[in-house]
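S.K.: give me coordinates for this.
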Amino acid sequence: MLQRPSVHGFHFAQASRTWRGATDINAFARLAEALPECRGTIMYQVRGFVDSERHSYVDVEVETVLALVCQRCLGSLRWPLKLGRRLYLAHDEKEAERLEADVALVPDAEVLVADAAVDLAALVEDEVLLSLPLIPRHEEGQCPAEAPVTELN
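M.R.: Okay, here's the model as predicted:
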């Protein structure tokens, strides 16, 4: 069963804490609802840090294979997902705006207002949901629905 730790984001980051594990996809209710088929395991890790400028952040890493439906052929599509996201923590919206300018050049970084408790499982689930393709489809040349284009003449 998935533990759903609720932590104070800044304390988590400043103490350099880590939360990691692996669980069935169906342990994440919102994700399970968004997927046509819930099978497989999600491996996740959330680690807290403070950078040289004293900005608190968490790194979220997730690895899984999702079962989606190809929108070309409507067949089953295995979607390997390996993501890494850095989330800088802000106390309020005003601080978040200032922080966004500071971290604008950091690849895959976002700012999260974390003024109170942060549900780490929800954070992992949010990142997976945000990474889902809008129109899932097989890679070019891999879809059974693709047929060679022929001229109409």
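S.K.: and the residue nearest the centre of the chain, how far from residue 138?
M.R.: Note on the chain: the residue nearest the mean C-alpha position is residue 127, at 2.2 Å, using C-alpha atoms, centre = their mean. The gap separating residue 127 from residue 138 is 24 Å, by C-beta to C-beta, to the nearest Å. Quick note: C-beta positions are derived from backbone N, CA and C, even for glycine.
S.K.: list the contacts of stretch 27-38.
M.R.: 1-2, 24-26, 42, 66-69, 76, 121, 124-125, 128-129, 132 (C-beta atoms under 8 Å, 6 or more residues apart in numbering).
S.K.: helices or strands up against the longest helix seen in the chain?
M.R.: Ranked by residue count and defined by DSSP state H, the top helix of the chain is helix 120-131. Counting contacts by 3 or more C-beta pairs under 8 Å, 6 or more residues apart in numbering; DSSP states H and E, helix 120-131 packs against helix 29-34, strand 41-50, strand 56-69, strand 76-90.
S.K.: those: which one's closest to residue 116?
M.R.: For residue 116, the closest of those is strand 76-90, at 11.4 Å, according to C-beta to C-beta.
S.K.: turn the helices and strands packed on helix 120-131 into JSON lines, columns for mean pLDDT.
M.R.: Formatted as JSON lines, those follow (pLDDT from 0 to 100):
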{"stretch": "helix 29-34", "mean pLDDT": "92"}
{"stretch": "strand 41-50", "mean pLDDT": "96"}
{"stretch": "strand 56-69", "mean pLDDT": "95"}
{"stretch": "strand 76-90", "mean pLDDT": "93"}
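S.K.: residue 60: how many residues sit nearby?
M.R.: Here the count is done by other C-beta atoms under 10 Å, and residue 60 has 24 residues near it.
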